[in-house]
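# sequence first, then the predicted structure, then my questions.
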Amino acid sequence: MLTLGVNIDHIATIRQARRTVEPDPVAAAVLAELGGADGITVHLREDRRHIQDRDVRLLRQTVRSHLNLEMAATDEMVAIALDIKPDYVTLVPEKREEVTTEGGLDIVGQSDRIGEIVGKLQSADIPVSLFIDADHAQIDASVKVKAKFIELHTGQYAEAKNEASRKKELEILAQGCKQAIEAGLRVNAGHGLTYWNVYPVACIPGMEELNIGHTIISRAALVGMERAVREMKQAMRIQ
Ligand SMILES: CC(=O)[C@@H](O)[C@H](O)COP(=O)(O)O
Ligand SMILES: NCC(=O)COP(=O)(O)O
């Protein structure tokens with residue numbers, strides 16, 4: 001059954017705008033779960049622009065659904081993940097100068113490094129998801145490094161300028177999902193999904209969880225977190 005992971009990074013963006021204590025991502029996670037979130041996702045970035053280490057530690061103790069820690073493939077982040085033990089880790093690419101994630105992680109070009117990190121985390125019973133483009137070679141490489149999951153980057157679908165491009169990107173995602181499942185991977189998806197574009201992705205056979213953040217937090221700022229999450233599950237037709 002398709003599930004929704006709510007990324008609460010941008011609750012922390014509002015707090016960090018004043019370097020203060022509110023809004024608290026921990027409180028936001030409680031409300032997101034009351035609204036029906038099946039999981040909570042946070043991206044602890046190297047530059048700590050939004051989510052802080054303190055948030056992840058407290059969320060580990062308070063999240064009732066499941067906690068997905070997005071992180072770069074660095075020694076620092078591996079040590080933090082091994083210490084805090086999220087329910088799963090999603091390895092994502094990171095550039096300090098980026099506004100947001102700009103693409104999928106390159107597994108093909110660094111498979112030894114990624115394989116080492118996947119091995120370390122999964123040996124500590126922390127399943128790993130790899131945030132990748134729906135690319136044949138990247139999916140193959142994800143199998144080779146023994147990741148349990150991939151998360152298909154939906155940014156190109158989300159940013160498609162017209163119906164024809166949207167359809168093309170959706171087909172690429174569907175083919176990627178099919179290839180991954182046939183190879184034994186579990187498949188999530190995310191980035192740039194909104195109330196208006198999510199349903200076709202939700203319909204891709206075999207898709208397990210959609211990780212959605214910015215659009216939910218944007219709506220929550222106007223109507224409240226519980227309603228924003230409930231309405232996203234309605235948009236996905238899972239509630
Ligand atoms: C990997 C991805 O697409 C997002 O989950 C990521 O968290 C985006 O980074 P920001 O939340 O900092 O925009
Ligand atoms: N991995 C995608 C995610 O967690 C949220 O991305 P977005 O919805 O904030 O673009």
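Yep, that arrived. Residues are numbered from 1 along each chain as shown. Ligands and ions are numbered 1, 2, ... in the order given.
# CA only for contacts and neighbour counts going forward, please
Will do.
# is it true that Ala73 touches Thr90?
No - no contact is recorded between Ala73 and Thr90 when judged using C-alpha atoms under 8 Å, the distance being 9.4 Å.
# what about these two, which has more around it?
Legend: neighbour count by other C-alpha atoms under 10 Å for Ala73 and Thr90, higher for Thr90 (23 against 18).
# tell me if the helix or strand harbouring the more buried one is near ligand 2.
Taking DSSP states H and E as the definition, Thr90 sits inside strand 88-91. No - residues of strand 88-91 contacting ligand 2 under C-alpha under 6 Å from any ligand atom: none, with a closest distance of 8.1 Å.
# give the buried residues for the next helix or strand after that strand.
Remark: after strand 88-91, the chain's next helix or strand is helix 111-123, criterion DSSP H and E. Across helix 111-123, burial judged by 16 or more other C-alpha atoms under 10 Å covers Ser111, Ile114, Gly115, Ile117, Val118, Gly119, Lys120, Leu121, Gln122.
# could you dump helix 111-123 to CSV, C-alpha only?
The C-alpha trace of helix 111-123 is given here as CSV (Å, rounded to 0.1, in the frame of the first residue of the first chain):
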residue,chain,number,x,y,z
SER,A,111,30.2,2.4,-6.3
ASP,A,112,33.1,1.3,-4.0
ARG,A,113,32.5,4.3,-1.7
ILE,A,114,28.7,3.9,-1.7
GLY,A,115,29.0,0.1,-1.3
GLU,A,116,31.2,0.6,1.8
ILE,A,117,28.7,3.0,3.3
VAL,A,118,25.7,0.8,2.5
GLY,A,119,27.5,-2.1,4.1
LYS,A,120,28.4,-0.2,7.3
LEU,A,121,24.8,1.1,7.7
GLN,A,122,23.0,-2.1,6.8
SER,A,123,25.3,-4.1,9.1
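# packing partners for the helix or strand following it?
The helix or strand immediately downstream of helix 111-123 is strand 128-132, counting by DSSP H and E. Strand 128-132 is packed against strand 88-91, helix 111-123, helix 136-144, strand 149-153, with contacts defined by 3 or more C-alpha pairs under 8 Å, 6 or more residues apart in numbering; DSSP states H and E.
# in a markdown table: those, plus mean pLDDT.
Output for these, formatted as a markdown table (pLDDT from 0 to 100):
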| stretch | mean pLDDT |
| --- | --- |
| strand 88-91 | 98 |
| helix 111-123 | 98 |
| helix 136-144 | 98 |
| strand 149-153 | 98 |
